[in-house]
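Visitor: A predicted structure for the sequence below; I have some questions about it.
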Amino acid sequence: MLTSTERIKNRGCTKKREPSHPEVRVVLIGVGAIGCEIARLLLKKRGVKIVGAVDPTPDKAGRDLGEIVGLEKNLRGNNPQRHRKRKWGISLT
């Protein structure tokens, strides 16, 4: 019995398969004690990307999520113009 890979090779099919689980994009609502812990756990998982975070606390506005959750790295990248300070919370893309 042929494996699925052998069957594809026999048919001459060279098309690559799409991943069965695409990346999950996450926006965190609230980055207090629990939200920060969730963010740290999500940052360790493959296939998960934090694309945003909001929090009503004014002192978190415009700050990098890495700084808020206690990481030693900047999560927003090297383009500070892309992330302007907003009144509603923090911004991260």
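Guide: Yep, it's here. Computed from a predicted structure; not experimentally measured.

Visitor: Beta-bridge partners for residue 50, please?
Guide: Beta-bridge partners recorded for residue 50 (DSSP bridges): residue 26.

Visitor: Contacts only, for it.
Guide: Taking CB atoms under 8 Å, 6 or more residues apart in numbering, we find residue 50 in contact with 26, 27, 28, 39, 42, 43, 65, 75, 92. C-beta: built from backbone N, CA, C; applies to glycine.

Visitor: quick one: least confident of those?
Guide: Of all those, residue 92 carries the smallest pLDDT score, 47.

Visitor: Please report which of the contacts of residue 50 has the highest neighbour count.
Guide: When these are compared by neighbour count (other CB atoms under 10 Å), residue 65 ends up highest, at 24 neighbours.

Visitor: my guess is it meets residue 53, correct?
Guide: Yes: Residue 65 is within contact range of residue 53, at 5.2 Å (criterion: CB atoms under 8 Å).

Visitor: biggest helix in the protein by residues?
Guide: helix 33-44 (DSSP state H).

Visitor: got a pLDDT number for residue 22?
Guide: Per-residue pLDDT puts residue 22 at 81.

Visitor: Enumerate every residue touching it.
Guide: By CB under 8 Å, 6+ apart, the contact set of residue 22 is residue 47.

Visitor: how about it, secondary structure?
Guide: coil (DSSP: H, G, I helix; E, B strand; the rest coil).

Visitor: how far away is it from residue 49?
Guide: Look at residue 22 and residue 49: by CB to CB, to the nearest Å, they are 10 Å apart.

Visitor: Also residue 25?
Guide: For residue 25 relative to residue 49 (CB to CB), the value is 5 Å.

Visitor: can you check residue 35 too?
Guide: The value you get for residue 35 to residue 49, if CB to CB is used, is 16 Å.
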